[in-house]
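**Student:** This is a predicted model, with the sequence first.
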Amino acid sequence: MHWLKVLTVVFILSSCSQGDRGKVYVTSQNSGVSVIDLNTMEVVEEFKVGTFPRGIGLTKDGKYLVTANKDDAAISIVNVKTKAIEKTIEVGINPEFVRIKDGLAFISTEPSSKGKPPAPGEQKHEEEEDEDDDDDRTPAKVSIVDLALGEKVRDITAGPETEGIEFSKDGKQIIVTNEADNTITVHDFMSGELIKTISVEPYGLRPRGIKVSPNGERYVATLEHSDNFIVLDKDFNHIKTVKTGKSPYGTSFNAAGDKLFVAAGKSKTLEVYATEDYSKIKDIQIDGKRCWHFTFTPDNQDILLACGRSDEVVVVDVGDLAVEKRIPVAGIPWGIVSYPPAIGSLDQVR
């Protein structure tokens, strides 16, 4: 009995001494940023940034948050501790994705995109939600901001309606998905020079999500209008096309690289694939509306999905591959990232 009590005390002390699981930051298009404490899985803080924030990124040290604010054509650089906007920098029309690497923020812009959510009180049919007018083929830009200088230093010219941004494993290349002309473009990290253009039209339409595998050997791009994704090798040669649910968008490998997760927005599922052959493991029924982006927690125990049209973040247990909680987040949540840095559809362990 004595030893049982000792073991019980040790277990309790061990449990209490477990480290802080971290936080998740969520942009909501009509509200600002919500902060979720991963220890309680509750929203603990909310604050305003720019107008209509979507893309979101965190600096490696966790001190600054960067949001892409559509209606301002600008990004906000926010002090995480004080929640003060320290600088607003114009980057171009319709800024969307934000990725941060080596002290630089990369922001995709969409001058040809006219898609927007309905005004408060206005209703749309679900199949009409967030559709873009792709008739304008104006070349888009990826704006590059030096966060230390606090200014835009250059642009990369991409295809019409630039969407997702990814970096090669060695950090030498930037990979961009371009919705309107159905291409993926590869650019030099330092100069922005175009290295390669990959047409996805033989495999599908409207590339959106793009993610490199943890070992750098594969890239996956989701093709939203064809309900599939493609797998490319490290030299961007096509390997495989895989069917998905309706309207796949955000995608990410897990940290181990043995599974791929795809958010199929209109099917309301998070789909899980084995990367050995990209066979499907499971469709996790999310039942949230417009669940586009997600992040793993830093300890890789859970996945949190931002579900914009149901105003919630849905928590999925990685072990059980099942929904375990729903966290109300108002204002059409869009982007979501973790700190400490974790893998996800909008970020990568750095």
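**Tutor:** Alright, I've got the coordinates.

**Student:** how far is stretch 250-270 from where the chain is centred?
**Tutor:** Computed by CA atoms, centre = their mean, to the nearest Å, the chain-centroid distance of stretch 250-270 equals 11 Å.

**Student:** Report the rounded mean pLDDT for that stretch.
**Tutor:** Average pLDDT, stretch 250-270: 98.

**Student:** in the stretch 151-300 of the chain, which spans are strands?
**Tutor:** 151-160, 162-167, 173-178, 183-188, 194-199, 207-212, 218-223, 228-233, 238-243, 248-253, 259-264, 269-274, 279-285, 291-296 (DSSP state E, counting those that start in this stretch).

**Student:** Output the below-cut-off pLDDT ranges for the stretch 51-200 of the chain.
**Tutor:** 112-137 (pLDDT under 70).

**Student:** The nearest residue to residue 284 once chain neighbours are set aside: neighbour count?
**Tutor:** Distance criterion CB to CB, 6 or more residues apart in numbering; nearest residue to residue 284, sequence neighbours excluded, is residue 270 at 4.4 Å. Every C-beta, even on glycine, is put in place using the N, C-alpha and C of the backbone. Residue 270 has 25 neighbours, counted by other CB atoms under 10 Å.

**Student:** Could you do residue 157 as well?
**Tutor:** For residue 157, the count of nearby residues is 13 (other CB under 10 Å).

**Student:** which residues does it contact?
**Tutor:** 139, 140, 141, 192, 194 (CB atoms under 8 Å, 6 or more residues apart in numbering).

**Student:** now swap in residue 192 and tell me
**Tutor:** Residue 192 makes contacts with 142, 144, 154, 155, 156, 157, 174, as judged by CB under 8 Å, 6+ apart.

**Student:** now the third one, which residues is it bridged with?
**Tutor:** Beta bridges link residue 154 to residue 144 when assigned by DSSP bridges.

**Student:** now do the last one
**Tutor:** Applying DSSP bridges to residue 174 yields these beta-bridge partners: residue 167, residue 187.

**Student:** And it, how far from residue 165?
**Tutor:** As judged by CB to CB, to the nearest Å, residue 174 and residue 165 stand 7 Å apart.

**Student:** Need the residues touching each of the two.
**Tutor:** With CB under 8 Å, 6+ apart as the test, residue 174 and residue 165 both reach 106, 142.

**Student:** Can you say which of the contacts of residue 157 are buried?
**Tutor:** 140, 141, 192 (16 or more other CB atoms under 10 Å).

**Student:** Checking the first one next. Helix, strand or coil?
**Tutor:** What DSSP: H, G, I helix; E, B strand; the rest coil gives for residue 140 is strand.

**Student:** That one and residue 283: what is the separation?
**Tutor:** Taking CB to CB as the measure, residue 140 falls 33 Å from residue 283.

**Student:** do residue 263 as well
**Tutor:** According to CB to CB, residue 263 stands 11 Å off from residue 283.

**Student:** More neighbours: the two, which one.
**Tutor:** Neighbour comparison, residue 263 and residue 283: the larger count goes to residue 263, with 32 against 17 (by other CB under 10 Å).

**Student:** The more buried one against residue 272, yeah?
**Tutor:** No - look at residue 263 against residue 272 with CB atoms under 8 Å: they stay out of range, at 11.0 Å.

**Student:** For whatever helix or strand residue 55 lives in, output the C-alpha coordinates as PDB.
**Tutor:** Taking DSSP states H and E as the criterion, residue 55 maps to strand 53-58. What follows is strand 53-58, C-alpha atoms only, in PDB (Å, rounded to 0.1, in the frame of the first residue of the first chain):
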ATOM      1  CA  PRO A  53      -7.500  39.500 -41.800                       C
ATOM      2  CA  ARG A  54      -7.000  36.200 -43.500                       C
ATOM      3  CA  GLY A  55      -3.400  34.900 -43.700                       C
ATOM      4  CA  ILE A  56      -1.400  34.600 -40.600                       C
ATOM      5  CA  GLY A  57       2.200  33.900 -39.600                       C
ATOM      6  CA  LEU A  58       4.400  34.000 -36.500                       C
END
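
**Student:** Tell me which other helices or strands that strand touches.
**Tutor:** Applying 3 or more CB pairs under 8 Å, 6 or more residues apart in numbering; DSSP states H and E, we find strand 53-58 packed against strand 23-28, strand 32-37, strand 64-69, strand 95-101, strand 104-109, strand 333-339.

**Student:** So which of those strands is the most surrounded?
**Tutor:** strand 333-339 (a mean of 27; mean count of other CB atoms under 10 Å).
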